[in-house]
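A.B. asks: sharing a sequence plus its predicted fold:
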Amino acid sequence: MRLGPDTRASLLLYASFAAAILLAIMPMPAWAEDFRPDWVGLVLIYWCIATPQRVGVGSGWLLGLILDILYGHALLGLHALTKATVAYIAMRLHLQLRMFPRWQQALAVAILLFVSQLIVLWVRGAVGRAPQGIGYWTPAIVGLVLWPFVFAALRNLRRRGDIR
């Protein structure tokens with residue numbers, strides 16, 4: 001059975017999101033847990049910049065809801081809110097972000113990841129469950145460092161899969 005180009009592109013998008021979710025829930029040693037990047041956020045930002053007509057706020061909300069369910073947080077919808085917000089901002093700025101050199105893109109992505117974490121901090125603080133310590137902010141810094149590699153890998157996938 002041969003897949004059409006649109007079906008194949010959709011399957012590759014879903015596969016990239018599934019890989020990001022698996023990386024997000026994969027067990028890590030306790031000492032490395034603070035350094036886990038926001039894989040879903042990075043992949044979502046890339047696809048919102050590269051193909052805003054395919055991936056957007058609804059995709060971000062759905063991915064965040066999946067993360068909420070997998071993490072088992074009592075605040076159902078928290079990650080859905082943050083991912084939808086990040087997707088909205090990335091979509092609004094996608095033309096500008098495309099024109100930036102990679103290092104400026106990495107800074108913009110880090111800011112988007114900081115915004116995501118700030119929303120989580122704000123909501124958790126409002127219900128009395130604010131995370132403690134500077135380690136809370138390290139995933140955004142790790143995302144800044146990993147962005148050029150994530151960008152290159154997903155751009156290669158987009159080109160090979162003819163995702164438009």
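C.D. replies: Perfect, thanks for sending it.
A.B. asks: now do the SS call for residue 73.
C.D. replies: Taking DSSP: H, G, I helix; E, B strand; the rest coil as the rule, one finds residue 73 in the coil state.
A.B. asks: residues near it, how many?
C.D. replies: 15 (other C-beta atoms under 10 Å). (Each C-beta comes from the backbone N, C-alpha and C, glycine too.)
A.B. asks: which residue lies closest in space to it, excluding its sequence neighbours?
C.D. replies: residue 79 (7.6 Å; C-beta to C-beta, 6 or more residues apart in numbering).
A.B. asks: in which helix or strand would I find that neighbour?
C.D. replies: Here residue 79, judged by DSSP states H and E, is contained in helix 78-92.
A.B. asks: what's residue 162 sitting at in phi/psi?
C.D. replies: phi 50, psi 50 (degrees, to the nearest 10).
A.B. asks: what's the burial count for it?
C.D. replies: For residue 162, the tally of surrounding residues (other C-beta under 10 Å) stands at 11.
A.B. asks: what ranges do the strands span in this structure?
C.D. replies: Read by DSSP state E, the chain holds no strands at all.
A.B. asks: I'm done for today, thanks for sticking with me.
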